[in-house]
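In: any chance you can model this:
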Amino acid sequence: MDINKPITNLKLVEILDEIKNNYSHQKEAEFFKELVCTKFLVPITSDSLTECSSGETILKENVTIKFVAINDSEGNVYLPVFTDWEEIKKWNSEDNVKTLILTFQDCKTIAMGEDNEHKGFVLNPFGQNIVFGENLIQQVGQENVESEKEETVMLGVPEQYPVQMVADIKKNLLYMPSVKSAYLLLMIRDENDKSYLLIVDSSDEHNIIFEKIGDIAMKYLGEEEKLDFVPLSSEFGRSAIEGHTPFYERKQN
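Out: Predicted coordinates for the structure are as follows:
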């Protein structure tokens, strides 16, 4: 890789914008596929570095690299990860920001390593703000997601309805004021790929809501069971709920 060539990740940013404007499973698959082969900019503290006589900045010998951390509204610590310098300047407009160029696997290792305080990492925290908690990181790491030109998708009410999981999610949604309604369906893709599908109507960043709900649902899902999410604002979400009743609706004051 040419280190003098600026990091831009134009394709990944374009896919992110397309997902935000019109979500589809195909676009999500393209995003994950591009994600694992992308190089990111990750800020580090200046005391991890030294400047040599030529003016170049290099890592100090035998030093432990210290990464910058950011907190969410609940005090959870995340590793900030950026696609390009424009996104970094939304966080810090100064010219002396120091970064390392890392892969998705590098970010996973740092964010989920033992003996650290991170809950995960956040991609472009002051832009698209995609939160990668443990569940999503493991999903990206384990699945070989491929874009399908044609995919058969069937939706319906689960025959064995996960009553306890839904009750727990419903209880916790009371504390997520941005969520207006939520639906749970069974989705079957290409005849044998089954998963629960949660459709959420929220005015907040959907990935934040999905991460919170995912943490709640994990303790109820069997080893072979999966839970997918889609915003109601997407074309797929709107078509999926036709003829179905939400299991949760926020009462209007």
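In: contacts, neighbours, all on C-alpha from now
Out: Will do.
In: would you mind listing the buried residues in stretch 174-184?
Out: Ser178, Val179, Lys180, Ser181, Ala182, Tyr183, Leu184 (16 or more other C-alpha atoms under 10 Å).
In: span of it from start to end?
Out: 17 Å (C-alpha to C-alpha, to the nearest Å).
In: ok so, going back, from the buried residues of stretch 174-184, which is closest to Lys170?
Out: Nearest to Lys170 among the buried residues of stretch 174-184 is Ala182, at 8.6 Å by C-alpha to C-alpha.
In: any stretches of this protein with poor pLDDT?
Out: Scanning the chain with the threshold set as pLDDT under 70 gives 1-5, 46-64, 114-115, 141-151, 190-191, 253.
In: circling back to that earlier point, among the buried residues of stretch 174-184, which one sits closest to Ser203?
Out: Ser178 (5.2 Å).
In: how near is that closest one to Glu249?
Out: 11 Å.
In: again, but for Asn71
Out: 30 Å.
In: neighbour-wise, which of the two wins?
Out: Taking other C-alpha atoms under 10 Å, Asn71 and Glu249 do not tie; Glu249 has more neighbours (16 against 13).
In: for that one, give the beta-bridge partners.
Out: Ser181 (DSSP bridges).
In: start the count at 889, not 1, going forward
Out: Got it, first residue is 889 now, which makes that one Glu1137.
In: list the contacts of it.
Out: Each residue near Glu1137 by C-alpha atoms under 8 Å, 6 or more residues apart in numbering is listed here: Lys1068, Ser1069, Ala1070.
In: could these go into TSV alongside distance to Ile1104?
Out: TSV is the format used below for those (distance: C-alpha to C-alpha, whole Å):
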residue	distance to Ile1104
Lys1068	18
Ser1069	17
Ala1070	15
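In: could you single out the nearest of the residues you listed to Cys925?
Out: Closest to Cys925, out of all of those and judged by C-alpha to C-alpha, is Ala1070, at 33.6 Å.
In: skipping adjacent residues, who's closest to the closest one in space?
Out: In this structure, Ala1070 finds its nearest non-sequential neighbour in Val1088, 4.5 Å apart by C-alpha to C-alpha, 6 or more residues apart in numbering.
In: what count of nearby residues applies to the one you found?
Out: Using other C-alpha under 10 Å: Val1088 sits among 23 other residues.
In: quick one: the helix or strand containing it to chain centroid distance?
Out: Assigned by DSSP states H and E, Val1088 falls within strand 1081-1090. Relative to the centre of its chain, strand 1081-1090 is centred 15 Å away, using C-alpha atoms, centre = their mean, to the nearest Å.
In: just checking, what packs against that strand?
Out: Using 3 or more C-alpha pairs under 8 Å, 6 or more residues apart in numbering; DSSP states H and E as the contact test, the elements touching strand 1081-1090 are strand 1067-1077, strand 1115-1119.
In: hey, what's the residue nearest to Ala1070 bridged with?
Out: Per DSSP bridges, the residues bridged to Val1088 are Ala1070, Pro1119.
In: quick check: it vs Leu1115, distance?
Out: For Val1088 relative to Leu1115 (C-alpha to C-alpha), the value is 13 Å.
In: need the strands for this protein, in chain order.
Out: With DSSP state E as the criterion, the chain has strands at 927-932, 937-939, 945-947, 958-959, 965-969, 986-991, 1006-1011, 1018-1021, 1041-1044, 1067-1077, 1081-1090, 1115-1119, 1136-1137.
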